Structures are given as C-alpha cells and as structure tokens.
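In: Take this sequence and fold it.
(chains A and B, ligands or ions: 2)
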Amino acid sequence: MRYREALNLAMREEMNANEDVFIMGEDIGVFQGAFKVTAGLLEEFGERRVRDTPISENTFVGMGVGAAMAGLRPVVELMTINFSLLALDQIINSAASIRYMFGAQVKVPLVIRMPQGAGHQLGPTHSHCLEALYQHIPGLLVAVPSTPADARGLLKAAIRDDNPVVFIEHETLYGRRGEVDTDDDEPLRFGEAAVRREGDGVTIVGISRMAETALKAADKLASDHEIEAEVIDPRTLRPLDLDTILESVRKTNRAVIVEEGWPHGGVGANLAALIQEQAFDHLDAPVGRVTGADVPMPYSKPLEQAAFPHEEHVVKAAVATFRDV
Amino acid sequence: MATEDATRGRSPEKTGVESRSRPLPDRDTCEKVLAKMILIRRFEERAGEMYAKAKIGGFLHLCIGEEATIVGATQALQEGDYLLSTYREHGQALARGTEPNAVMAELFGKVDGCSSGRGGSMHLFDAERRFFGGYGIVGGNLPLAAGVALASDYRGTEDVTLCMSGDGATNQGTFGETMNLAALWSLPIVFMVINNQFGMGTALERHSAVTDLSKKAAGYGVPGTRCNGMDVLDTHACVSEALEKARGDRAPQLVEAVTYRYRGHSMADPEEYRTKEEVEEWRGHDPIAAFSERVTEEGELGEDDVKRMDDAAMKAVDEAVAFADASPFPDLDSLYDDIYVMGEQVSEGWFSVDERSPDAHRGEREREAGDVAKELAEAGAAHGEGEDARSERRVDRAEAEPEDGEGEPAGDERDEVGGGD
Ligand SMILES: Cc1ncc(C[n+]2csc(CCOP(=O)(O)OP(=O)(O)O)c2C)c(N)n1
Ligand SMILES: [Mg+2]
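Out: Ligands and ions are numbered 1, 2, ... in the order given. Alright, predicted model coming up:
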C-alpha cells in the first residue's frame, strides 16, 4: 500500500468508527486532494463530513479548533506546510494554548495534516521543512511519519487523541509503497521511535523523509567504510522517544542527526543539546548534524538538489565522527 | 466529476457580462495589443511543451484563455506604475516588457532568468519595469501591493499600483484587511480580480458566498466594476477608468474581469471538476480570435498582418527557448549569495550556517566554503541529473500523471508526487 493510501485508509477507518470525525481543507473533496490523499472520501461520506474550504487557512484551522472545543474531532488538511504559516496564529495562540489557558476546562482534539519537503522545484514559497517550528510549541503533538504503516498507525492515533496534533507528511513519500497490516486496527503510540537498522558503529537519527536518506547512507557506510550504523526514526517529535536514542548512543558513542530543515534551532540542534546533556560521557565525538542549507529554497534544479541532504552528506558526517578527537 | 449543477451559471452567457462593444483604438494600438496577446499565447503553449520535456520543473500555471485580462489591463498602465501578480504571471511579465528570453530562462532555472533562476515560474520579477513580482502564496500579494501604493502616496508621486489576484484569493483574510486599509488611507491602488471561475478545482459558487466579486470589497470602501475579461477593449476601458480614479482622487478601486482558463490549474490537473463541453464553449469566446476578427473585419489590420504577428511571436518564442537552453545553471557557489544585503551589520559572523559539511565552518557564504562543502554541493546537485528521463516519462504518460515516487515502479494508477497546487 502506498503512503497516501495508508493515510486515506486511516481517515476512512476513523470516520467509520466515529461520527464526530470529519475532514475539511482546500480541494480535498471534488478535486480529491492536491496530492490525492483524500480520494474517494467525498463520495463515501458526503459533503457534511468532507468539506471543501475556500482559501482561508487561518480561519478554517481556527474553525477546526472551535469545532474540537465543542466536541467534534476535525481533521484539517492544509495543502502544504507552507500555507500553515498563514494559520500559525490559530495553531499556536489557540490550538496549543487553549486547554492550558482555560484551566483544563476544554480539550482540542484536532488533527492538522500537511505535507512538506523539497525536491520538486517549487521555490522558496513551497518547499520548506518546518517540523522544527512545530516541535518548538508546547501544547502540540508533532508526528513525522516516514512509512505507510507509520502514516496509518500514527494518523489513527492522532485522530483518537484528545490533543491538537500537527501531522507532517512528506511530498516525496506519498508514492512510496510499504507493508501495512490492515487487520490490525490498533493505532501506533506517539513517543515510540523505530529502530530501522541495528548497528554499533554510529547512531543516525533521520527525521521525516530523511529517515529514508539515513538508511541509504547506512548501506553505503557498511559497504564502503565497514561502519555499521544504527538508524533511528523518532516518528514523533512531541512526545520524543529520547530514551531509544540515548540507549543507542550509549552503545555506539557517536551520533549524527539528519533533517531537511534549516540548521539554526533545528531538530538536530535540539537533539544534540539533549544528547550532550544526558550522554556526554558516552560520546566519542561531537554530535554531527546534517541539515538543509541555511537559505530560502531555490528553484533551479542543481541549486535545489545541493540545498538539501542526500546520502553522501550523511556518509561524510558519519565518517567524520570517527576522526581522531 | 463535474455535474450539471456544478457548471450552472458558468457559461459565457450566464456570467452576467454583457459583451460591451468598445470602439477600436488606432491601428498602432490594435497591432500592439494583438501582438502582445499572441506572444503570450505562443509563449504559454511552448512553456507547456517544455514542461512535458522536463526542461521546466515545479508547477506551471498557464494563462491561456486569460490573455485579454492581462493585456487589456497592462496597456492601461503608465510607465511608472507598479504591477503585482500571482504565480500565474508569465503573461504579466511579458506584457510589461520583460524579454521572453529572460522569462523562459527563469522557467528553465537558468542564471539569465529574470529572477536569476531562484524563483521559477511562480516567482518572476522585473524591478526595472516595475513588475513587482509573482507570488506563490494565495492572497499574499495584496498587502504587499498596498504597501507599494503606500510608498507612492507617501512620496507624493503619481504612480498607481495594479494588483492582480484570482477569484480564490478573495477568500483570504488579507483581501478584506487590505481593502479596508487601502480605503482608509486613500491609497493609489487598483485591485484586479481575474475571475477565471475556479480556485484550483473549486468552482466560484462553491468557494465564495458572494459570486459577484465586483461587490466583494464595497463594504470595505473599495467600489468595484465588472468587465468582460474575454474582451481586451472592455478590460482596458474599465481598468483605465479605475486607474485614473486611483491616481487622481486617491480612491482605490476594484475591477473584476470575468474570464476562463482553458488549461488545467497547473500541469498536474486531471480537470475532473468541469466538462469538456464547458471548456469548448468558452473557447468559442476566445479573446484573441475575437479581437483579430474585429480588427480585420473593421479594416484596421489585414489577415496578413495577423499572420505576420503570429510569425514574429513564434520566432520570439523559438529564440527564448534557444536562449534558455544555452544559458547556464546558476553556479553552485552562488547558493548562499544574496540572502542578505552585505554591509555594516552583515559582513562577517554567522549570518548563515552551513551544516552540510562536517568540516568546521565559519558560516560565511558558500563561495568561501571549504573543499568538502563544495564536493558535497556537487554530489547533491548530481542527484538532479538522473531525474530528467524519469520526469520525461512522467509527462509523456499523461499530463495528469506526474512523477511517481523516487525509485518507484511506474504504477498504472494516477500517482503524483509533485501534486497539483
Ligand atoms: C495560501 C495558499 N493556500 C493555498 C495555495 C495553493 N493554491 C495555489 S493556487 C490555488 C488556487 C487559487 O485560485 P485563484 O485565486 O482563483 O487563482 P487562479 O489559480 O485561478 O488564477 C491554490 C489553492 C497557495 N498557493 N497559497
Ligand atoms: Mg481562479
């Protein structure tokens, strides 16, 4: 099953299970979704539960918050993460804060789904990876699934959870195939990392699509450098399964974090701080970071490709942790 | 997917635009107007072909069918006036005088493009001609345009700003907020809503409660008129009148131009939300055919003149493709250039961090990066090279079936990664 189909299935299953679940977003109905994730849902569930919205991001996200406060379980799709910037007010000032601010009298069981990612030559307004931005916000849960099984399992978990969830998909992953156990209706748990590959040479943590890139790099490290990397996909950034990462670092004594977003204040910056705080004595080298280039994403193909990480970057960074210190 | 109900009210007759017949201008003007519309059409057709050949990446939003809105409006501008548009803006740049070579080179991502290859199809810019940009964020250009108009007003110049956006953009919060400020501060600005009757696959009546968009800003103090966007002369007359009110009386105006896009929203649009018959019906009201017919019938121009203009447009487009092909890609070392204005505050220090190389880095521009960073930039850029063949297959299969997942077998189901926004 493809990643996009797994997401579609999760929504279908949860909508069938619970009448309070409904979806809304731009072009998700008649158009079937800009990336076809919601294909067929309008036909199956009708216009009451599958709502095409006008281009009004801040408002329909805010309406999702309001509907959630009043007891529904909205799943709001933003066409891409770039457009979530128009809704930051409602995401941060409302969704993330309301429960705390009102003394826990209400909850906001809202899911905001959106894809991110570069590689399709969409230029500076359509290509960024912003998981670090959402990871920053207390009150939000943040998921970054990288496989079809995780996409389904985590989306089901997100819909059933009573907290606002920022659910970050990746444009490049939509067409990926993977095993999904459709007999298993249990959602995945947030805060449980997946160890994608075991190894004792170096720990590589890959975020979102970069979990894939990290795996490719691990193969090269094994074949070209005789380094067995352990590859960890945290799957959710809030809550974060730091224990699994630390356990691995205590074994390998080396860590490299790979993300597509910018370096300043990135996921890797945060993880590097946490790792050195809690496993300093186990480190044989500084924590390595591989990030997207610190620039607005350019359109031109070679520039764009040079501006986000590929396996070569990860291999270099991993090998560098073996340099004499 | 398009049902009878969904297409109700969208036929040319039912849009409520009378085909106001305006008198023909002089021969020279007729020729200029027609030549520009033909150039835009030919350019867009060729851009579509180049996209299919994977010479152009990203999304490609063509304006075919909407040429009269662009040329009618821009002909009404004075040299010092500003123009801002959306991501569907190749025609706007061409109409404002940007060389086809520079526009095509931008679409190819080449260094000689009008945005140096950084922006692509959605982000054209030509400061010299006061074409102040195409913008990828729907509704994002409205406040910018009002700000440009504020600067003109502040300096006491006579320049007016023309801001174009789509019907879908009228639903953004920025629409109402910008209208209020423009009216409140009496700014010299004209908002032109190019109503092609869809925001992506969502028809006007499914996205806007008020479908007479000329009325949508009136409550904020910006009066509006509606013109026939398939008629270049009517568009020109309405926009001219609005510009003069904005210029002379500092009274911002809105002009709704009713039109239709013949092609999909972008190249990745299966167009299931409308019928082929509807598109055909609108093609019967083609702005270029209608205007050529009129100028030849009324004797201003001969058929051979029209043919000559078409030949000239084809030649210009051929040249643009050759130019874009020959232009180099931007230097990889230029990646970190121009993020900031270099000066007192930004001359050294860690204004940008390069985390792509494990080498210790000083955070300066890529041009000063070490060998490892350079090597890695080249390795990254090389990932773009193998993709051409795949992209080509992608569009050959069908416009509606853009690229599959990387390394994926080509499935027979529709599967796009680039998506359609
Ligand atoms: C803020 C934002 N939301 C969503 C999109 C995706 N998107 C691009 S174009 C478009 C439709 C816009 O329709 P309209 O304003 O009518 O302009 P048209 O494309 O018809 O020229 C959408 C939803 C975007 N670019 N920006
Ligand atoms: Mg439109």
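In: then stretch B:96-104 to PDB, C-alphas only?
Out: Written as PDB, here are the backbone C-alpha positions of stretch B:96-104 (Å, rounded to 0.1, in the frame of the first residue of the first chain):
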ATOM      1  CA  ARG B  96       5.100  44.700 -19.100                       C
ATOM      2  CA  GLY B  97       8.000  44.300 -21.400                       C
ATOM      3  CA  THR B  98      10.200  41.700 -19.800                       C
ATOM      4  CA  GLU B  99      12.100  39.800 -22.500                       C
ATOM      5  CA  PRO B 100      10.700  36.400 -23.400                       C
ATOM      6  CA  ASN B 101      14.300  35.200 -23.200                       C
ATOM      7  CA  ALA B 102      14.500  36.200 -19.500                       C
ATOM      8  CA  VAL B 103      11.100  34.700 -18.700                       C
ATOM      9  CA  MET B 104      11.900  31.400 -20.400                       C
END
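In: now it, how far from the centre of its chain.
Out: Computed by C-alpha atoms, centre = their mean, to the nearest Å, the chain-centroid distance of stretch B:96-104 equals 13 Å.
In: in the chain, which segments are predicted with low confidence?
Out: Using chain A here. Residue ranges of chain A with pLDDT under 70: A:324-325.
In: um, chain B though
Out: In the predicted model of chain B, residues B:1-9, B:14-20, B:348-350, B:356, B:360-368, B:386-420 satisfy pLDDT under 70.
In: Could you tell me the single residue of it that sits nearest to ligand 2?
Out: Nearest to ligand 2 in chain B, going by C-beta to the ion, is B:Gly166, at a distance of 3.7 Å. C-beta: built from backbone N, CA, C; applies to glycine.
In: my guess is that residue meets B:Phe191, correct?
Out: No: counting by C-beta atoms under 8 Å, B:Gly166 stays clear of B:Phe191, with 11.6 Å between them.
In: which of those two has more neighbours?
Out: Set side by side, B:Gly166 and B:Phe191 show more neighbours around B:Phe191, with 29 against 25, by other C-beta atoms under 10 Å in any protein chain shown.
In: where does A:Pro309 fall, phi/psi-wise?
Out: With angles defined as degrees, to the nearest 10, A:Pro309 sits at phi -70, psi 140.
In: Enumerate every residue touching it.
Out: The neighbours of A:Pro309, taking C-beta atoms under 8 Å, 6 or more residues apart in numbering or on different chains as the test, are A:Met210, A:Thr213, A:Val258, A:Glu259, A:Glu260, A:Val290, A:Thr291, A:Gly292, B:Arg356, B:Gly380.
In: element containing A:Ile257?
Out: strand A:255-258 (DSSP states H and E).
In: now do A:Val180
Out: Residue-wise, A:Val180 maps onto no helix or strand under DSSP H and E.
In: where's it relative to ligand 2, distance?
Out: From A:Val180 across to ligand 2, the span is 37 Å (C-beta to the ion, to the nearest Å).
In: Please tell me how far that residue sits from B:Glu49.
Out: 39 Å (C-beta to C-beta, to the nearest Å).
In: just checking, next helix/strand downstream of the strand holding A:Ile257?
Out: Proceeding N to C from strand A:255-258, the next assigned helix or strand is helix A:267-279, under DSSP H and E.
In: A:Arg254 contacts A:His282, doesn't it?
Out: No: A:Arg254 lies out of contact with A:His282 (C-beta under 8 Å); the separation is 9.4 Å.
In: Compare these two and say which is more crowded by neighbours.
Out: A direct count of neighbours by other C-beta under 10 Å for A:Arg254 and A:His282 places A:Arg254 higher, at 26 against 15.
In: show me what contacts the more buried one?
Out: Each residue near A:Arg254 by C-beta under 8 Å, 6+ apart is listed here: A:Gly201, A:Val202, A:Thr203, A:Leu283, A:Asp284, A:Ala285, A:Gly288, A:Ala318, A:Thr321, A:Phe322.
In: and it, how far is that from A:Arg189?
Out: Distance, A:Arg254 to A:Arg189, by C-beta to C-beta: 28 Å.
In: quick revisit: among the contacts of A:Arg254, name the buried ones.
Out: A:Gly201, A:Val202, A:Thr203, A:Leu283, A:Ala285, A:Gly288, A:Ala318, A:Thr321 (16 or more other C-beta atoms under 10 Å in any protein chain shown).
In: Alright, I will stop here.
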